[in-house]
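Asks: Below are the sequence and a predicted model; questions follow.
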Amino acid sequence: MSNLIKLASNELNELILNALGRLVSNGSVPSEPLPPFNIEIPADTSHGDFATNIAMVCAKPFKMPPRKIAELISEQLVLDGTMFERIEIAGPGFINFFLSRRWFSLVVQAILDKKNDYGKTDTGKGKRILLEFVSANPTGPMHIGNARGGAIGDCLASIMQYAGYYVEREFYINDAGNQIEKFATSLEVRYLQIYKDGIEMPEDAYQGEDIIMHAEEFAKAFGDKYVGLSSEERRNALVDFALPKNIKGLEDDLRKYRIEYDNWFRESILHENGDVDKIVRILKEKDCTYELEGATWFKATDFGADKDFVLVRSNGIPTYVVPDIAYHYNKLVTRNFDKAIDVLGADHHGYVPRLKSALTALGVDANKLDVVIMQMVRLMRNGEVAKLSKRSGKAITLVTLLDEISIDAARFYFNLRESNSHFEFDLDLAVEKSAQNPVYYVQYAHARICSLIDNLSASGVNIIDYDLKQFDILDKQQEIELIRHMATLPCEVDSAAKTYDPAKITKYSVELATLFHKFYDACSVKNAETEQLKQSRLALCKAVKQVLSNSLTMLKIECPRKM
RNA sequence: GCGCCUUUAACUCAGUUGGAUAGAGUAACUGCCUUCUAAGCAGUAAGCCAUUGGUUCGAGUCCAAUAAGGCGCACCA
């Protein structure tokens, strides 16, 4: 257990409850049920390391003024042998607690001992999570929303692993259904256009150049062999030729973006193994459907959705929702994951209640499906909305974005704001190698420490060995603040995992970098007053480097030794 | 018309289950390198937390209504 915040907080909780117990038994306060109270870390450190509002929430049931209750409690608190050294009563009745200096030393020691494992927790208890993200349409290149979804999903997955969950990353390939038909049509037209005049692309076909390129390559490989064959043979051959290339392209591009999936799950599997038909059959058997104008409708409103929807069209082909239902049934029942998490764009949010209603009808606990909705990104360049790539002049894709900005910057920026907030992405700032760019700011802190350690090492100063007591002399304000913040990493990891919000970790790393830079400016290591202080500060720097590295590693962002 | 999201400093955003004097970064202005990386630090200035009402010891935070903006509401995916 390296979460010293939690340890201290638990100890505090016990101290308070014991004190109250004594007050009740000696009749100082009435024996009333205890209302819920907080133990929190005050924003302002002059209010202590922890504070509780217990005296305030007890005011009403005890029919006593809050400050009076606070005084009674504090008289009963015995701090000897605890992690706390003093308390004070403040404001309307807060009780503020101050940690002993030794606690801070324990933090530094815990980091140096745990190394790469510092920050990990066992909160997830190995619960099995299936995290699906990006799942871009394999009929074309990935867009900017996929770039955000990739960064959020992948970082969330690592964070949850840090928090003790078992996580699998999954990409769902829509390799069946209508969009594949559209893909086939687009390829077919482009192919025939090579050999014949007067064939028009339908308006709703894929107009991109990638389709033309596929058709040309296909023509190069097979010539006009397929022009005279049946449309079905031609379309199948074209899709069989182009789709694997596209999927391979998605894999390659995502790998460049440092995303490795555990599973690439094909929609076509669900059609082939009969799962899609099975879903319709079960829902029919459960009497959850009705026929209207030749189509099969699902009674979604009976299961919490706002509207009924069509399962099977009047032409006999299921709508896209059915494979989706089958897919989520597969995740939660067939593969028995404890939780399925989908990262989806805001344009899909309306569909979530429908999916959940169907799962409920199938007897699956819909609460096992959580959806992280991410709002649209607005790319900005020169203070204007950027729609097109700088180099190619075409719509910005994941790939062209990474031509413009570094992978580190992309991963960091997309996780700088919480997913459910509309967010402006300043392309100019992301390429800038300066203080204004938060990712460089954090990396700079890491490089600075590396350089510092190397310099001291070159002049013969190394950490020989450390013992807990030697850290007690780190008591300057900048040192204390730095250590206090490092202590909260396990809490931040838990909180980020619980709220599905990787932005907590990017913000954490920026704050850590800030505190280090402040420390660096105020406290020289090389010219420390004593040899012992030099040693302790060097150890502190190593601890900061470790925590920075653990935070950035969680986000799969590089930790440069030099900048 | 219905649903979801957003509204906090000039700009981009934080603000932990309701708590103490609402915070960062950018831009502006002032300082700090013969001393471990100035890609840094210190300081100044900047606010009717969209508006109105409600809930209570206490509201940026919860509830209701209004306004502005974004996204959805298919026998598309």
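Replies: Here it is on my side, so go on. Here the structure is a predicted model, which means the values were calculated and not measured.
Asks: Backbone dihedrals for the closest residue to residue A:528 other than its chain neighbours, please?
Replies: Leaving aside its sequence neighbours, residue A:528 sits nearest to residue A:534 (Cβ to Cβ, 6 or more residues apart in numbering; 4.0 Å). C-beta: built from backbone N, CA, C; applies to glycine. Dihedral pair for residue A:534: phi -60, psi -50, per degrees, to the nearest 10.
Asks: what's the answer for the one 3 residues further on, then?
Replies: For residue A:537, the backbone dihedrals (degrees, to the nearest 10) come out as phi -70, psi -40.
Asks: in chain A, which residue is closest to the centre?
Replies: When Cα atoms, centre = their mean is applied to chain A, the residue found nearest the centroid is residue A:156 (2.7 Å).
Asks: and that one, what helix or strand is that in?
Replies: Per DSSP states H and E: residue A:156 is located in helix A:144-162.
Asks: and what of residue A:102?
Replies: Using DSSP H and E, the element containing residue A:102 is helix A:101-114.
Asks: Next: residue A:248.
Replies: Counting by DSSP H and E, the element that carries residue A:248 is helix A:231-256.
Asks: now residue A:378
Replies: Per DSSP H and E, residue A:378 falls inside strand A:377-381.
Asks: In that strand, which of the residues would be classed as buried?
Replies: Neighbour-count burial for strand A:377-381, counted by 16 or more other Cβ atoms under 10 Å, picks out A:377, A:379-381.
Asks: That strand pairs with which strands, and in what direction?
Replies: Next to strand A:377-381 in the sheet, as set by DSSP bridges, lie strand A:384-385 (antiparallel), strand A:423-426 (parallel).
Asks: Next to RNA strand B, which bits of the stretch 51-200 of chain A? Give me the list.
Replies: Contacts of the stretch 51-200 of chain A with RNA strand B, taken as Cβ under 7 Å from any atom of the strand, map to A:51, A:53, A:56-57, A:59-60, A:90-92, A:94, A:96, A:137, A:174, A:177-179.
Asks: Could you point out which of the residues you listed is nearest to residue A:394?
Replies: Relative to residue A:394, the closest of these is residue A:137; by Cβ to Cβ it sits at 17.2 Å.
Asks: quick one: the helix or strand just after the helix holding residue A:102 to helix A:144-162, angle?
Replies: For helix A:101-114, the following helix or strand on the C-terminal side (DSSP H and E) is strand A:128-132. Interaxial angle of strand A:128-132 relative to helix A:144-162 (axes from the mean of the first three to the mean of the last three Cα atoms, to 10 degrees): 170 degrees.
Asks: Paired strands for strand A:128-132, with orientation please.
Replies: With DSSP bridges as the criterion, the sheet partners recorded for strand A:128-132 are strand A:166-173 (parallel), strand A:339-345 (parallel).
Asks: so the helix or strand following the shortest one versus strand A:339-345, what angle?
Replies: So that's strand A:339-345. Toward the C-terminus, strand A:339-345 is succeeded by helix A:352-361 as the next helix or strand (DSSP H and E). Orientation check (the same axes, to 10 degrees): helix A:352-361 against strand A:339-345 gives 160 degrees.
Asks: does RNA strand B sit close to stretch A:365-382?
Replies: Yes - using Cβ under 7 Å from any atom of the strand, stretch A:365-382 reaches RNA strand B at A:373, A:375-376.
Asks: returning to that earlier point: including mean neighbour count, could the strands paired with strand A:128-132 go into TSV?
Replies: Below are the strands paired with strand A:128-132 laid out as TSV (neighbours: other Cβ atoms under 10 Å):
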stretch	mean neighbour count
strand A:166-173	20
strand A:339-345	21
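Asks: Redo those strands as TSV? Include mean pLDDT.
Replies: Below are the strands paired with strand A:128-132 laid out as TSV (pLDDT from 0 to 100):
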stretch	mean pLDDT
strand A:166-173	98
strand A:339-345	95
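Asks: burial of the closest residue to residue A:282 other than its chain neighbours, as a residue count?
Replies: The shortest distance from residue A:282 to any non-neighbouring residue, by Cβ to Cβ, 6+ apart, is to residue A:362 (6.3 Å). Using other Cβ atoms under 10 Å, residue A:362 is surrounded by 20 other residues.
Asks: which secondary structure elements does the helix holding residue A:102 contact?
Replies: helix A:4-25, helix A:477-487, helix A:531-554 (3 or more Cβ pairs under 8 Å, 6 or more residues apart in numbering; DSSP states H and E).
Asks: In TSV, list those helices along with distance to residue A:446, mean pLDDT and mean neighbour count.
Replies: Formatted as TSV, the helices and strands packed on helix A:101-114 follow (distance: least, Cβ to Cβ, whole Å; pLDDT from 0 to 100; neighbours: other Cβ atoms under 10 Å):
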stretch	distance to residue A:446	mean pLDDT	mean neighbour count
helix A:4-25	23	91	17
helix A:477-487	14	93	21
helix A:531-554	5	95	20
